[in-house]
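Chemist: Predicted model and sequence follow; I will ask about them next.
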Protein chains: 2
Amino acid sequence: MTDTAHRSDPANRSDRGEQTRAAIATAAQELFRERGYDKTTMRAVADRAGVSIGNAYYYFASKEHLVQAFYDQIQVEHAAAAQDALGGTDKFADRLRAVLITWVDVAESFHEFAGKFFKVAAEPTSPLSPFSSESKGAREASIGLFRQVVEGSDLKVPAVIRAELPELLWLLQMGVVLFWVHDSSDGQKRTRALVRQVVPLVDKLVRLSRLPGMRGVVGDITELIRSVRS
Amino acid sequence: MTDTAHRSDPANRSDRGEQTRAAIATAAQELFRERGYDKTTMRAVADRAGVSIGNAYYYFASKEHLVQAFYDQIQVEHAAAAQDALGGTDKFADRLRAVLITWVDVAESFHEFAGKFFKVAAEPTSPLSPFSSESKGAREASIGLFRQVVEGSDLKVPAVIRAELPELLWLLQMGVVLFWVHDSSDGQKRTRALVRQVVPLVDKLVRLSRLPGMRGVVGDITELIRSVRS
DNA sequence: GTCTATAACTAGATAGAC
DNA sequence: GTCTATCTAGTTATAGAC
């Protein structure tokens, strides 16, 4: 493999190329927000970016790939906003709620075309799937956020749980996203209500894991996670 | 409303119309299985059904609507197969496992293009979404199956739980489907392993709900379900 | 080699005649 | 109910400029 000229190698991307790429991505994001995914044509994107369709396809393999820019943006904004929110408290429930609610805040402006976005991400073979190897970076960043939630908290739980909890909380977040996508209430207030209700429950459940009768269950769950991951 | 000629009123569908509709649906199913969703064109479907494209669109509003036939078929086959499997035992865990494994069996032949199928169903606005009002019938049939699992079993649990459990088990089934879609192992054996592992855990958790310390948690969960449903 | 553009292709969907 | 003709938009082929 002497394919040193491959586009994914940053060393070979020229400045001009980067500018064009950025122009296309920006045009796409603007149009997606203005008209939604379906009503945004590749021709319109290329047009606004001041390039030809063919050129747009040189940088983005498909229309779906243009969505990735959003994905990344939410991720980055959420990480920053959550970081702020985590500073205020060491109570586990407060920290968890802060991270989840912060996500809803950040994602709010994307909600209108989130359905299409989600549709794209739901396909297992899509690089946008939260379970895909292409999403590994974003996924691990997100899990890392929940690791912070746990580690900076006052939570006293068995070490096995402490280790597995971040991944479980990330799954919870995926569930919240699923609900959010289907939530047509004003300002996604039903999702916010769900978070406020589910957080104390999770807090209670996690703390209950210390009860003698729960040891077996905890073991089963960690075993389950381990085997699912392989 | 004097729209007595509307197509959705079975009394007004002519025999010929029904035959054409069936021919199109059958052609689509054959082709989906032979080549997958993407490689099956509406032209090919119309062709095999011996009708024009325009005519195909008279009966099915979009290509996605042709997928609905699969959806329904799995539903019906699963209900029948599960019915058989439920006859054998009154143990809750056995009954639950039977219903879940039966689904994996029935769905196996669809797995190859399940990704595309799932993608379509994942869009919140899609009539195929398991949460959509159009899917209400299928959803309730499925929940009914889990009601049978609970009611025909030896399970001794609080009435609140007994009432909410079928819907929760249906959600578990949705989780299994999610895993299954992403499961590329031979014969979906990883999904089968997941089911075999998760069923005893659910069984244990449900029975634990009788413990005094769990009463509060059970109340919280039922409250959560109620508010989410509204 | 990296970029960019034009023309053409494909397939889902619609309009309108019969 | 059924057809043909047409439209639309994602995508690709390919030629050529920098």
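Modeler: Done, it's in. Numbering: from 1, shown residues only, chains lettered A, B, ... in the order given.
Chemist: okay, how far is it across stretch A:179-190, tip to tip?
Modeler: End-to-end distance for stretch A:179-190: 9 Å, by CA to CA, to the nearest Å.
Chemist: wait, does that stretch contact chain B?
Modeler: Yes - under the criterion of CB under 8 Å from any CB of the partner chain, chain B is reached by stretch A:179-190 at A:F179, A:V181, A:H182. Bear in mind the C-beta positions are built from the backbone N, C-alpha and C, glycine included.
Chemist: How is A:S129 assigned, secondary-structure-wise?
Modeler: Classification of A:S129 using DSSP: H, G, I helix; E, B strand; the rest coil returns coil.
Chemist: Chain A - how does it break down into domains?
Modeler: As recorded under automatic domain parsing, the domains making up chain A are A:10-59, A:67-229.
Chemist: Specify which member of the residues of stretch A:179-190 next to chain B is nearest to B:T41.
Modeler: B:T41 lies nearest to A:V181 out of the residues of stretch A:179-190 next to chain B, by CB to CB, at 29.6 Å.
Chemist: List the residues that contact that closest one.
Modeler: By CB atoms under 8 Å, 6 or more residues apart in numbering or on different chains, the contact set of A:V181 is A:A114, A:G115, A:F118, B:P124.
Chemist: Okay, it and A:E77: tell me how far apart.
Modeler: 18 Å (CB to CB, to the nearest Å).
Chemist: A:V106: how many residues sit nearby?
Modeler: Close neighbours of A:V106, defined as other CB atoms under 10 Å in any protein chain shown, add up to 19.
Chemist: cool, and A:L96?
Modeler: The tally of other residues near A:L96 (other CB under 10 Å) stands at 26.
Chemist: Tell me which of the domains of chain A sits most buried.
Modeler: domain A:67-229 (a mean of 17; mean count of other CB atoms under 10 Å in any protein chain shown).
Chemist: Is DNA strand D within reach of that one?
Modeler: No - Domain A:67-229 lies apart from DNA strand D when judged by CB under 7 Å from any atom of the strand; the minimum separation is 10.4 Å.
Chemist: ok now do the residue of chain A found nearest chain B, which residues does it touch?
Modeler: Closest approach between chain A and chain B, counting by CB to the nearest CB: A:A122, at 3.2 Å. Counting by CB under 8 Å, 6+ apart, A:A122 touches A:S129, B:F118, B:K119, B:A122, B:E123.
Chemist: Mark which of these are part of strands, please.
Modeler: Within those, no residue falls in strands by DSSP state E.
Chemist: Would you format these as CSV with pLDDT included?
Modeler: Formatted as CSV, the contacts of A:A122 follow (pLDDT from 0 to 100):
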residue, pLDDT
A:S129, 80
B:F118, 76
B:K119, 77
B:A122, 77
B:E123, 79
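Chemist: Among the residues you listed, which one sits closest to A:K156?
Modeler: Nearest to A:K156 among the contacts of A:A122, counting by CB to CB, is A:S129 at 35.4 Å.
Chemist: Return the residues in contact with the closest residue to the closest one other than its chain neighbours.
Modeler: Once flanking residues are discounted, A:S129 sits nearest to A:A121: 5.6 Å by CB to CB, 6 or more residues apart in numbering or on different chains. A:A121 is in contact with A:Y71, A:L128, A:S129, A:P130, counting by CB under 8 Å, 6+ apart.
Chemist: Kindly recompute the last result at 7 Å.
Modeler: Listed by CB atoms under 7 Å, 6 or more residues apart in numbering or on different chains, the contact partners of A:A121 are A:L128, A:S129, A:P130.
Chemist: tell me which of the residues you listed is nearest to DNA strand C?
Modeler: A:L128 (20.7 Å; CB to the nearest atom of the strand).
Chemist: how near is that closest one to A:K119?
Modeler: 10 Å.
Chemist: ok, now A:R226?
Modeler: 31 Å.
Chemist: and if you look at A:L169?
Modeler: Taking CB to CB, one finds A:L169 at 25 Å from A:K119.
Chemist: Nearest residue to A:H65 in space, ignoring adjacent ones along the chain?
Modeler: Per CB to CB, 6+ apart, closest to A:H65 is A:P127, 7.8 Å.
Chemist: The one you found touches A:E134, doesn't it?
Modeler: Yes - if you go by CB atoms under 7 Å, A:P127 and A:E134 touch, sitting 3.8 Å apart.
Chemist: For the helix or strand where A:V202 lies, which outside residues touch it?
Modeler: In this structure, A:V202 sits in helix A:189-208 according to DSSP states H and E. With contact meaning CB under 7 Å, 6+ apart, helix A:189-208 is reached by A:92-93, A:96-97, A:100-101, A:104, A:155, A:157, A:161, A:172, A:176, A:179-180, A:183, A:214, B:213, B:217, B:220-221, B:224, B:227-228.
Chemist: cool, stretch A:32-46 as well?
Modeler: With CB under 7 Å, 6+ apart, stretch A:32-46 has contacts from A:I24, A:A27, A:A28, A:L31, A:S52, A:I53, A:N55, A:A56, A:K63, A:E112, A:F113, A:K116.
Chemist: let's go with 10 Å and repeat that
Modeler: A:23-31, A:47-48, A:51-57, A:60, A:62-64, A:66-67, A:69-70, A:109-110, A:112-117, A:119-120 (CB atoms under 10 Å, 6 or more residues apart in numbering or on different chains).
Chemist: gap between the two ends of that stretch?
Modeler: End to end - CA to CA - stretch A:32-46 spans 13 Å.
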